[in-house]
Structures are given as C-alpha cells and as structure tokens.
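S.K.: Sequence and computational prediction follow.
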Amino acid sequence: MSLSRRAVLPILILAVAAVVPVAAQEPEEVPAGDAAVFQVRTISRGIHLFRPLQPTGRHTNSLVIERRDGLLVVDAQPTKEAALDLLAAIRGVTTAPLRYLVFTHPHVEASGGSDAFPPEVLRIASRGYRDSVADPEFGYQSEWRSYRGIPEPPESAEAGPEPQRRPVATLTLMGRTRLEDPLHPIVLLPVPHTHSPGDLLVYEPRAEIVAVGDLVFNNRNPYAGHARVKSWISQLNQLLTLNPKTIVPLRGGAVDVARVRNQRDALRWLKKQVEEQVAERVEGQKIPAAVLKLKDADRYFNTAVAPSNLPLLVQRLVDEVRKERREQGLE
Ligand SMILES: [Zn+2]
C-alpha cells in the first residue's frame, strides 16, 4: 500500500518536529518587564514577597508561593505593565509554571494587571469580587485611570466602551476553600465586606503566613473608600484568632499581629469618637476635622500624611453610626 502525497506531508512534519528540540519550537517567553523594580524577600522556603523598591504607587506587593503543582501568585499588580515587571522578577527566582492567580479584593491595585498573566492561569476570587467587577457602579474604571494618570472624562461625555477590561475570576469561592499540595497547602478565606466588598485572605498554614491585601495597612492610614468599618474591626479580630506569624499587606513590608492589633485598636478608638460626636449632634461634615484634631489621634493614625485617607475613613464611620442609630430609633 502506497502513501498518498496528502498523507506524506503531515508525517514529514511530525518527523521533523520530533527531532527539533522543544525549546526551538516554543522559545520560552521572557516577560518584557523590568525585574529591577522589585525587591524579593523569601519569607519561608518557597514563599517570596515581591515588593516594589520605590513607593511610587505604580506597583504593589505580590506574594508568590512555589507549590508542587506550580506557582500561586497573590495579587496581579495595578496595571499590565506593572504585572510584566512582576513576571520578569518572578523569572529571576524560579522557572516553575504559573498556575494560580488569587485576587485579594476587587480594587485595581490588586487585580488590574491580570491580562499580563497567561490565559491558562486559574484566576480565583471571592463572590464579593465577582459581584463588584460585574457592577457598573463600582468605580473600577476611575481607579484604573488614576493609576495610568488618565484624566476622568467630563460628566457630559457619552459613555463609550470602558478603557479597561474588568478582570474576571474563573473560580469564584463561596466559602473557605483548601488547595492541597505536598509543599504548600493553601487555605482561601473569603471574608465579609470589610476594606472592600470582596476581600479574601490567602493563608499558608504550615509557614503561618497570610496575605491580606488591604485588610491591614502598613502605614497606619487605612483607605476606606468602599469599606464597612465596623465589620473591618471584627475581621481584624478574626485575623488575630488565626494568629499568623507573618502578615503580608498590599503595600510595605510584612508585619506581625502587633500591627493588626494596632489597626484594630485605632478603628475601635475612631468608632467611639465618632459615636460621641454623632450623639452630641455635631454636623456630619465637621466630624472628620474635629476627630482628627483630638489629642489621641496621632497615637493611632499618621495624621501628618497628606493627602490623607483619614477624613474619608471618618466619614464612612459617620455614615455607619448614623445608620445604626436610625435602626435603633435614636435618630
Ligand atoms: Zn484596596
């Protein structure tokens, strides 16, 4: 039986492919980014914190965990460019395949660079993340523009296509979930609405390391644009019961439980002050300035930083305290 010409050609191609080294067929893609923007700290064997060397705000922290089944990366950087820098820096440490990308929350600072990761990487987030990125009212685009230095379009402008695709998680977690692995098992813990409507903790129980996104602020001044502060206080208490050795926030170096306790105490103190001001019928708009002028404010917050997240944080609490009083029939 003779082979037709149509059949010979594929066989020839297969034969040639068999002798060409794999590397020549598919040269390993070297990320185009600048690895030097990150410093790498190995917190525990196979667990690395990639932290921007300069606090320019264009990059954030990412935690990289070398599992037997590949790399698990926590948070995707604010933009695709920043994520390419991260991928280049990761390749300076390991050539293991990228397997999982976990978003700690739906802010651009944690998810905006998702498109730089290969499509086969499994994106994981909480149900609150899914709902937030699907919500046109959630300010994803304006946060993305501010990272790019792109001015907001005027209110009169016709709504065109959104400038940034909202990164969708492939796997939405409805509750506590465990990813088994002989080296680094991971517990993924969605938490109720705290810093954002979709916060998620990534816990490595053997090394007792937890990545918390923006649940903990290294700089003492939490951003509360989408926060529920009372719930934030209870979730910080939950985090303390986990008693991790190392806590990795989205910005700055890793911290320990003392920082969590300080932030919890700061939010508790602030809540008490706001409750008093509201009960004394101080006008809502005047409460942030009044509270931040109090003698103890500097003990709990860094009031010297400008522009500050603090007035917004106080305002969120004013709204929460008022709502609670209305529910109790006090207003
Ligand atoms: Zn955030």
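M.R.: Done, it's in. Note that the coordinates shown come from a computational prediction; the quantities given were computed from them, not determined experimentally.

S.K.: For the closest residue to the ion within the stretch 51-200 of the chain, the count of nearby residues, please.
M.R.: Per CB to the ion, residue 107 is where the stretch 51-200 of the chain lies closest to the ion, at 3.6 Å. For every residue, glycine as well, the C-beta is placed using N, CA and C. Number of residues near residue 107 (other CB atoms under 10 Å) recorded here: 29.

S.K.: Skip the chain neighbours and tell me the closest residue to residue 104.
M.R.: Distance criterion CB to CB, 6 or more residues apart in numbering; nearest residue to residue 104, sequence neighbours excluded, is residue 213 at 2.7 Å.

S.K.: which residues does that neighbour contact?
M.R.: 75, 104, 105, 110, 195, 199, 200, 201, 249, 250 (CB atoms under 8 Å, 6 or more residues apart in numbering).

S.K.: Closest to residue 64 out of these?
M.R.: Residue 64 lies nearest to residue 75 out of those, by CB to CB, at 10.1 Å.

S.K.: Could I get the contacting residues of the closest one?
M.R.: Per CB under 8 Å, 6+ apart, neighbours of residue 75: 60, 61, 62, 63, 102, 103, 104, 110, 111, 211, 213, 250.

S.K.: and if you look at residue 148?
M.R.: Counting by CB under 8 Å, 6+ apart, residue 148 has contacts residue 79.

S.K.: Residue 220 now?
M.R.: Per CB under 8 Å, 6+ apart, neighbours of residue 220: 262, 263, 266, 300, 301, 302.

S.K.: hmm, back to that, what's the separation between the residue nearest to residue 104 and the ion?
M.R.: From residue 213 across to the ion, the span is 6 Å (CB to the ion, to the nearest Å).

S.K.: what about residue 84, which helix or strand?
M.R.: Under the criterion of DSSP states H and E, residue 84 resides in helix 80-91.

S.K.: got a list of contacts for that helix?
M.R.: 30-38, 40, 50, 58-60, 62, 64, 71, 73, 76-77, 98, 112-117.

S.K.: What's opposite residue 189 in the beta bridge?
M.R.: Listed beta-bridge partners, residue 189: residue 201 (assigned using DSSP bridges).

S.K.: Which residue is the nearest non-sequential neighbour of residue 142?
M.R.: residue 152 (6.1 Å).

S.K.: Now for the closest residue to residue 218 other than its chain neighbours, how many residues are close by?
M.R.: Excluding its sequence neighbours, the residue lying closest to residue 218 (CB to CB, 6+ apart) is residue 252, at 3.0 Å. Per other CB under 10 Å, the neighbour tally for residue 252 reads 17.

S.K.: Number the residues from 5 up from this point.
M.R.: Understood, numbering begins at 5; the last thing we discussed is residue 256.

S.K.: what's near enough to touch the residue of the stretch 155-304 of the chain found nearest the ion?
M.R.: Closest residue of the stretch 155-304 of the chain to the ion, CB to the ion: residue 218 (3.6 Å). Contacts of residue 218 were listed using CB under 8 Å, 6+ apart, and they are 108, 109, 111, 113, 114, 199, 200, 203, 226, 227, 253, 254.

S.K.: ok, now with 6 Å
M.R.: Shown in contact with residue 218 (CB atoms under 6 Å, 6 or more residues apart in numbering): 199, 254.

S.K.: outside of the helix or strand following the helix holding residue 88, which residues touch it?
M.R.: Of the helices and strands lying after helix 84-95 in sequence (DSSP H and E), the nearest is strand 102-106. The contact list for strand 102-106 (CB under 6 Å, 6+ apart) reads 73-78, 80, 121, 125-128, 206.

S.K.: The stretch 5-154 of the chain against the ion: which residues are in contact?
M.R.: Residues of the stretch 5-154 of the chain lying close to the ion (CB under 5 Å from the ion) are residue 111.

S.K.: re earlier: restricted to strands, list the contacts of strand 102-106.
M.R.: 74, 75, 76, 77, 78, 126, 127, 128, 206 (DSSP state E).

S.K.: could I get those as a markdown table with neighbour count and pLDDT?
M.R.: Below are the ones in strands among the contacts of strand 102-106 laid out as a markdown table (neighbours: other CB atoms under 10 Å; pLDDT from 0 to 100):
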| residue | neighbour count | pLDDT |
| --- | --- | --- |
| 74 | 17 | 98 |
| 75 | 21 | 98 |
| 76 | 27 | 98 |
| 77 | 24 | 98 |
| 78 | 30 | 98 |
| 126 | 16 | 98 |
| 127 | 20 | 98 |
| 128 | 23 | 98 |
| 206 | 26 | 98 |
